[in-house]
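A.B. asks: Fold the stuff below for me.
(2 chains)
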Amino acid sequence: DVVLTQTPVSLLISLGGQASISCRSSQSLVHSNGNTYLHWYLQKPGQSPQLLIYQVSNRFSGIPDRFSGSGSGTDFTLKISRVEPEDLGVYYCLQRTHNPPTFGGGTKLELK
Amino acid sequence: EVQLVESGGGLVQPKGSLKLSCAASGFDFNSYGMSWVRQAPGKGLDLVADISSKSYNYATYYADSVKDRFTISRDDSQSMVYLQMDNLKTEDTALYYCTTGSYWGQGVMVTVSS
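C.D. replies: Coordinates of the predicted model:
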């Protein structure tokens, strides 16, 4: 199975600051069709996960441009600029290139 | 507005059964693959089962931990997806989410305990 390793496990950020979360895969996430099925989710406290970024760098509907995704192959990054209170929660990466689909362990974003 | 509403959770004894249901609305259900993802208390996310759309022959996928115990199905005429859970174990205790990947329900709690 593909293992996704997220770092850091927790992140203390000041309001207005920038956060960067890494998701590293145990194998390339480039599908045979050329696409890379690496997605990012945010789970706010007490809520269901919400899709932020799909296929590495595409913001989902309604997601502000403060959120950006990048990367290729096995290394991916989610960046959150100008952190706001509603950005707090646990961030997960998910790969659907290989079966079984696997989630990263999560990164908890908290206020400093 | 996209809605996914799960039901059918509850408390069940080990080796018992439960059937979860998910009612979908607000999107072209027939065109979407559907998944069940669970989250044990205080833990991360685990994808339990997938079912593809008719276009992909309703192909299914199961996590090893639930293979031969859980069955995912769908009724496109009713925009419903189901998860039949048999021979439940205490480690199946979790909040179960129905999801398209893009959209998620609020989840339904399943507790397996004697």
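A.B. asks: Just the strands from the chain, written as ranges.
C.D. replies: The chain I'm using is chain A. Under the criterion DSSP state E, chain A contains strands at A:4-7, A:10-13, A:19-25, A:38-43, A:49-54, A:58-59, A:67-72, A:75-80, A:89-95, A:102-103, A:107-111.
A.B. asks: that's the wrong chain, I wanted chain B
C.D. replies: If DSSP E is used as the criterion, the strands of chain B fall at B:3-7, B:10-12, B:18-25, B:34-39, B:46-51, B:60-62, B:70-75, B:80-85, B:94-99, B:108-112.
A.B. asks: Report all helices and strands that the last one contacts.
C.D. replies: Read that as strand B:108-112. Based on contacts counted as 3 or more Cβ pairs under 8 Å, 6 or more residues apart in numbering or on different chains; DSSP states H and E, the elements that strand B:108-112 packs against are strand B:10-12, strand B:18-25, strand B:94-99. Where you see a C-beta, it was placed from the backbone N, CA and C, and this is true even at glycine.
A.B. asks: quick one: average pLDDT of stretch A:62-79?
C.D. replies: With pLDDT averaged residue by residue, stretch A:62-79 scores 98.
A.B. asks: Please identify the buried residues of it?
C.D. replies: Residues A:63, A:67, A:68, A:69, A:71, A:74, A:76, A:77, A:78 are the ones in stretch A:62-79 that count as buried (16 or more other Cβ atoms under 10 Å in any protein chain shown).
A.B. asks: For that stretch, measure first residue to last.
C.D. replies: Across its full length, stretch A:62-79 reaches 17 Å end to end, with Cα to Cα, to the nearest Å as the criterion.
A.B. asks: Show me the residue at the heart of chain B, geometrically.
C.D. replies: In chain B, the centroid-proximal residue (Cα atoms, centre = their mean) is residue B:36; its distance is 3.3 Å.
A.B. asks: Then chain A?
C.D. replies: The centre of chain A sits closest to residue A:40, judged by Cα atoms, centre = their mean, with a distance of 3.4 Å.
A.B. asks: show me what contacts the nearest residue to that residue once chain neighbours are set aside?
C.D. replies: Of all residues beyond its chain neighbours, the one nearest residue A:40 is residue A:53 (4.1 Å), with distances taken as Cβ to Cβ, 6 or more residues apart in numbering or on different chains. Listed by Cβ atoms under 8 Å, 6 or more residues apart in numbering or on different chains, the contact set of residue A:53 reads A:39, A:40, A:59, A:60, A:63, A:67, A:68, A:69, A:78.
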